[in-house]
Structure formats: C-alpha cells, structure tokens
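**Student:** everything below, folded, please.
(2 chains)
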Amino acid sequence: MAANTIFEKPVAMTDNHTHYCPGCTHGVAHRLVAEVLDELGMRERTIGVAPVGCSVLCYNYFDCDFLEAAHGRAPAFATGMKRVCPEKIVFAYQGDGDLASIGGNEILHAANRGEKITVIFVNNAIYGMTGGQMAPTTLPGQVTTTSPMGRDVELTGWPIRMRELLSSLRTPAYIARGSIHSPQESIITKQYVRKAFQYQDKNTCFSMVEILSTCPTNWGMTPTDSTKWLKENMIPYYPLGELKTPEGGDGNFERMTGISE
Amino acid sequence: MAKKLMKGNEAIGEAAIHAGAARYFAYPITPQTEVAEYLARRMPEVGGVFLQAESELGAANMIFGAASSGKRVFTSSSSPGVSLMSEALSYITSAELPCVFINVCRAGPGLGGILPSQGDYFQATRASGHGDFHLIVLAPSTVQEAVEHMMIAFDLSDKYRNPVMIFADGLIGQMMEPVDFDAIKPGTPADHSAWATTGAKGREKHVIKTLYLNPLDNEAHNRHLAAKYVEITKNEQKHEIYGGLGKPSLILTAFGTSARVCKTAVDVLNEEGIDIALFRPISIYPFPAKALDVLSRKQHVKQFLDVEMNNGQMIEDIRLYTRSAKPISFFGRQGGIVPSPEEIIDEIRKVMIVDKPKKKAAKK
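**Tutor:** This next block holds a predicted model:
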C-alpha cells in the first residue's frame, strides 16, 4: 500500500530539539513563521533577527540566515540589514521584555519610519529567560518575582498595549494581534503572519504581529491551566484582531486618535 | 581634480563614498553633525543609503545589521553619542563585522562642551564597551589625513573583520582645509560571502551571533579575538617623528590636533637651535610601541613632554612603552581648549633639562 505524506516539518525549520519548557508556545510561533516562509517561497532570501530572551537561540530552529541582536535592538538590526539589502526579507522575532521595555524606542521608530520589515512579537506577559520578572505587559495583580504581591498599577503603571500604541502612528502599517492558545486561534494568527510577510514582500509597509503566548514555568501553572488563564485574563486586556492595515489609510489613525484632518 | 576646500566633517563623508561605503546611519550631535547633513544631500546622488536613526543606540545597532550584509558601512558621532554606541561596538567586535566608526571628540565628562577635546583616548583605546576587546583606532591630525585614514580604515576593517575607529576631534571636524581626493587610494572591498547573511540560497545558513553559553566555547572565542589583536599590534603600528636637529634631547609626544600644534612649537625651537622633536602616534590602537621603545633608548633623548587635550591619558602609554626610563612630564588643556604653540614653547623651556657644565675636580 502506497503511503501518502500528509504532514511534514517545514523546510524552514531544522531538526534540532528546542530548549523551550513544556507547554511553552514559542515552538508554535516558530512553526507558524516557518510554514509561512515555506509557503511564500521566501526561506532562501530571508534574514531573521533573534532577540535577547528565551528565544535568543531561535536561530538553532529556523533554517535561514540569522543575526542575534542586543537586548531590544532587533528592529535597529533589521532596519540596517533591510536598508542595505532592500531585496531581502527581514524579520525580527522579539519577546515582550525585549520589545516593549528595553527596545521601546527601537520598535517605535522602526514602525514610524515605515521600515519594510516584519516583527513577530511574542507577548507572554512576563520575562522568561531571567526567571519570571515583571514585564511592561504583565497584567494588573499578576504575581512575578519582582511584583511578588501582584503588579500594582499605582506604582508601575498599566500594561502597555503595543498593538494599540503602534497603530496610533500615522505611517501606514499592518499591525495585528493573534493568540496561539488554541488550534483555531493559531490558524487565524498564521493568516496574520502570512499577510505581514506578504506586505513586506510587496514593499508596502512595516508589519507586526503580536502573538499572545503562555509561560507555564514562570506563571506557575500547568500548560492546560496556562492556556485557560491566557484566554480568561490576557484576551480581555489584549483584544485580538487586525487593528491597522495599509488599506485602512487614515481611518486607522482617526479611529485610534479621534483626530481627522 | 584640483584641491578642494572642504570642512573636515564633509570631507570625511565624501571620503567614505570614495572608499565604496555609501551606506551611513547616524544621529545628529555637535560637533560632527555636518557629516550627516552632507551625506543627506550626497547619498541620493550616488545611489547610497542615508538614514537618520532615532538615537546613537539605534544608529550603532543599525550598523550591526547593515554590516552583516558584508557591504561597507559606517557611522559617525561625538563623545556622548559614542558612549551610547559602545554597546553595539562590543557586539560588533565580538561578531567580527567590518565597519567604521568616527568619533569627532568633544569635551566631557557628561554633556561637557561642544569644543575640541581628546578626552576619549581611554574610551577609544581601552574600553568602548563591555568585555575583552579592542578597536583599531587611527588619529588624523589634518583634514587630508582624515580622508586618507578613511581609506585605510575600511581596508583594515575588511582585513581583520574588526571595527575601526577614526579618532578626530572638534577642530578637525569643523575646520576647512584644502583636500586632494586624487591623492587617496581607495582599496577594493573584500569578498565576505563566506559569512555574510544574505539569504541561504544554495548554501548552509549563516548565523552571526555573540552568545557562547559554554564557557569553553566562549574562552576559545576570546582567545581567537586575542590572537587577532596580537596580529594587529604586530602589523599595524603607525607613527611619525617630526623635526629635530640630529640628536633631540626632548621629545614631545602628542596625537591628532595637539600634535599639530606641537609641530609649530618644534619648528620655532628648532629654528632657535634647540634640538627637540615630536613623536606622533598615528595609530593609537595599536600604539606604536616599537618605535617609541627604540626612541626612548637613544642616549641623546633625555626626557619626554606629553601634550594632550585632556588630563593625561596617552601619557600612560608613553610611560609603558618607554619603560619610564627617562623623565616624562605632562602639559594639557581641558574643557575644549586647544593649547597654543606659545604655551607649549613656554612649557618646554620650563621643563627642559639643560646639561650644566661639569665642574672640574677641586685640587687638593
């Protein structure tokens, strides 16, 4: 009986085992990106930029050229590469401490300049690699090692919604937020990732897909409880969907700011 | 092409284009902003890349990304900006990416002032960032030399896969001098296809990284870099000895703008028949140790006077490489002040050791 192949590892992924904790969703996010690179035939002209954080070693799992950035600087690395090689596909893969805290300025200005790069922003509301400290995205009341009584918004402010913040910029962009806590949401998120790379390929605009993710180890939960917690706590604060599209024109800007010209 | 009168900062920008490095990322800061202003107009004419970054942090990290392509790229800044760039310099040196950084040095510490200084000698030669690494650092003393150094800088950077810094100062950046671009010899950019990240088409992927979690791997990487610095130190020392009447007894030591002023002092005193000379390091990393060692062993050399626009930084290298075998004194101006030839001449007259006629042994 002839066997038909019905499922394969993407060519853009290596055979290496990942170092991620059980239940961590980085592996799913990697896979979505790798599948899109395969489907769009981009792998051989793609340069990825790895962050500092749990996914610093993601170049061990992606089978394409890669740079390893300093903490928070991945959008600047990607800008430099893309400006001198505009024919290449350049993407940065960043976590929430990396992108929303130490790299706040780099992502803000890369987006505002309309750099033709794609940013995959994995938001799990905590610092992973350093062992569970408070991030700018940590939810109110969420316990971390540096907010042991729970995040107090009076002392540390409210969590930053990066999708909303960047969508308020006038420069055209594609900015969406998906989640990978369920297969259904992962399929939708992959569509966002696909669009983001397509916009870059057409030289249309800056693109960022924020992906809500779990961190069972530092949240102190089982993987199952983590996906439940994400759904019940993160999604109400970080609503899903495309907030800014280049076709939206100034509509995005007006909706976000209430300013029309 | 005849000589062209150009401001130092603009000449540096034009020189990079001649060197095949029409790719520039930077942030405005006095007294180097004219590099960016010049290139904002010039790069579109030559099909180059000009980008004003959001900060010096952004600019220097864009250089990492751009240099990873294997193409010639560069940035410029001034002291406080170079402090911010120091993060990227550490990463770039570890990743062994060729590129050129220019420091048009101004007076510090802190915001300090916007006038010329050499206060970043330690930063440039010792510690422009964390970890165990070195830049190659060239210190021009005229605009023409700055232009020539730009050619050498890109070639050295390619050869050693190490960032090269041009250590200028506010005077060289701001003054106008005739520049002869016919006299410069641009090298040929090296082939970096063996490691550059340009897309893994028909080859294994290339990864440019600086993380070595295994201490043995990290030690091996550090030893590899250290061996490179040994090679650089062996091959790339550059200096000039200026003036003297045959057997100079006092040697001025100075680099960049302070060396330029010292040359006038040497001319004046040589004219008077006073035998002094100038030792000018052109590479300040690697320091021209061999030449200074030879000079310090000459019997006629009795003393050194180190002149800098800081509190005395290169003097530590003078002590080191003369083995402090002869007396060394220091004259410096700080705060953005360039010393005048007259005050250097006064200082020479003050400190110069004059051989007194030997008294004949008294007869009993």
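
**Student:** check contacts around residue A:176.
**Tutor:** By Cβ atoms under 8 Å, 6 or more residues apart in numbering or on different chains, the contact set of residue A:176 is A:163, A:192, A:195, A:196, A:208, A:209, A:210, A:241, A:242, A:243. Where C-beta positions appear, they are placed from N, C-alpha and C, glycine not excepted.

**Student:** in the sheet, who's paired with it?
**Tutor:** residue A:209, residue A:242 (DSSP bridges).

**Student:** do you know how far it is from residue A:201?
**Tutor:** According to Cβ to Cβ, to the nearest Å, residue A:176 and residue A:201 sit 17 Å apart.

**Student:** same check on residue B:63?
**Tutor:** 26 Å.

**Student:** show me where the chain dips below the pLDDT cut-off.
**Tutor:** Using chain A. For chain A, applying pLDDT under 70 flags the ranges A:1, A:250-261.

**Student:** right idea, wrong chain: chain B
**Tutor:** Looking at chain B by pLDDT under 70, you get B:1, B:357-364.

**Student:** where exactly do the helices run in it?
**Tutor:** For chain B, helices defined by DSSP state H occupy the ranges B:8-18, B:33-46, B:56-67, B:79-95, B:121-125, B:143-160, B:170-174, B:215-235, B:256-271, B:289-297, B:315-321, B:341-351.

**Student:** may I see the ones you listed organised as a markdown table, with distance to residue A:141 added?
**Tutor:** Output for those, formatted as a markdown table (distance: least, Cβ to Cβ, whole Å):
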| stretch | distance to residue A:141 |
| --- | --- |
| helix B:8-18 | 54 |
| helix B:33-46 | 47 |
| helix B:56-67 | 33 |
| helix B:79-95 | 34 |
| helix B:121-125 | 45 |
| helix B:143-160 | 52 |
| helix B:170-174 | 53 |
| helix B:215-235 | 40 |
| helix B:256-271 | 58 |
| helix B:289-297 | 62 |
| helix B:315-321 | 55 |
| helix B:341-351 | 67 |
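
**Student:** out of those helices, the one nearest residue A:57 is which?
**Tutor:** Smallest distance to residue A:57 across those (Cβ to Cβ): 13.5 Å, for helix B:215-235.

**Student:** got the angle between the closest one and helix B:143-160?
**Tutor:** Angle of helix B:215-235 versus helix B:143-160, following axes from the mean of the first three to the mean of the last three Cα atoms, to 10 degrees, is 140 degrees.

**Student:** elements contacting helix B:215-235?
**Tutor:** helix B:79-95, helix B:143-160 (3 or more Cβ pairs under 8 Å, 6 or more residues apart in numbering or on different chains; DSSP states H and E).

**Student:** for that helix, buried residues please.
**Tutor:** B:225, B:228, B:229, B:232, B:233 (16 or more other Cβ atoms under 10 Å in any protein chain shown).

**Student:** for stretch A:100-107, same thing?
**Tutor:** Neighbour count says stretch A:100-107 has A:100, A:101, A:102, A:103, A:104, A:105, A:106, A:107 buried, by 16+ other Cβ under 10 Å.

**Student:** and it, C-alpha only, in CSV?
**Tutor:** Taking Å, rounded to 0.1, in the frame of the first residue of the first chain, the C-alpha atoms of stretch A:100-107 are listed here in CSV:
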residue,chain,number,x,y,z
ALA,A,100,8.1,46.7,24.9
SER,A,101,10.6,47.6,27.6
ILE,A,102,14.3,47.9,26.7
GLY,A,103,13.6,48.1,23.0
GLY,A,104,10.7,50.5,23.2
ASN,A,105,12.4,53.2,21.3
GLU,A,106,13.8,51.0,18.5
ILE,A,107,10.4,49.4,17.7
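
**Student:** ok, residues contacting it?
**Tutor:** Outside stretch A:100-107, the residues within contact range by Cβ under 8 Å, 6+ apart are A:51, A:71-76, A:94, A:99, A:119, A:123, A:135-137, A:160, A:162, A:166, A:208, B:54-55, B:57-58, B:61.

**Student:** inside helices: which ones of the residues you listed?
**Tutor:** Short answer: those in helices (DSSP H) are A:74, A:75, A:76, A:162, A:166, B:57, B:58, B:61.

**Student:** now the third one: closest residue in space that isn't a chain neighbour?
**Tutor:** What it means is residue A:76. residue B:61 (3.6 Å; Cβ to Cβ, 6 or more residues apart in numbering or on different chains).

**Student:** helix, strand, or coil at whichever residue of the stretch 51-200 of chain A sits closest to chain B?
**Tutor:** At 2.9 Å from chain B, residue A:80 is the closest residue in the stretch 51-200 of chain A, using Cβ to the nearest Cβ. Put simply, residue A:80 is helix when judged by DSSP: H, G, I helix; E, B strand; the rest coil.

**Student:** okay, the closest residue in space to it that isn't next to it in sequence and residue B:287: tell me how far apart.
**Tutor:** Closest residue to residue A:80 apart from its sequence neighbours, by Cβ to Cβ, 6+ apart: residue B:65 at 2.9 Å. Between residue B:65 and residue B:287 the distance is 32 Å, computed by Cβ to Cβ.

**Student:** report the closest residue of the stretch 51-200 of chain B relative to chain A.
**Tutor:** Proximity of the stretch 51-200 of chain B to chain A (Cβ to the nearest Cβ) peaks at residue B:65, 2.9 Å away.

**Student:** OK, contacts around that residue?
**Tutor:** A:49, A:67, A:76, A:77, A:78, A:79, A:80, A:81, A:82 are the contacts of residue B:65 under Cβ under 8 Å, 6+ apart.

**Student:** hmm, try it at 6 Å
**Tutor:** A:77, A:80, A:81 (Cβ atoms under 6 Å, 6 or more residues apart in numbering or on different chains).

**Student:** how many neighbours does the last one have?
**Tutor:** Think residue A:81. By other Cβ atoms under 10 Å in any protein chain shown, 28 other residues sit near residue A:81.

**Student:** before we move on, what about residue B:255?
**Tutor:** Count around residue B:255 with other Cβ under 10 Å applied: 32.

**Student:** please report the distance of the residue lying closest to it once chain neighbours are set aside from residue B:257.
**Tutor:** Leaving aside its sequence neighbours, residue B:255 sits nearest to residue B:139 (Cβ to Cβ, 6+ apart; 4.4 Å). Separation of residue B:139 from residue B:257 (Cβ to Cβ) stands at 9 Å.

**Student:** looking at these two, which is more packed in?
**Tutor:** residue B:139 (33 against 26).

**Student:** residue 60: neighbour count?
**Tutor:** Answering for chain A, as no chain was given. Residues lying near residue A:60 (other Cβ under 10 Å) number 16.

**Student:** not quite, I wanted chain B
**Tutor:** By other Cβ under 10 Å, the residues close to residue B:60 number 33.
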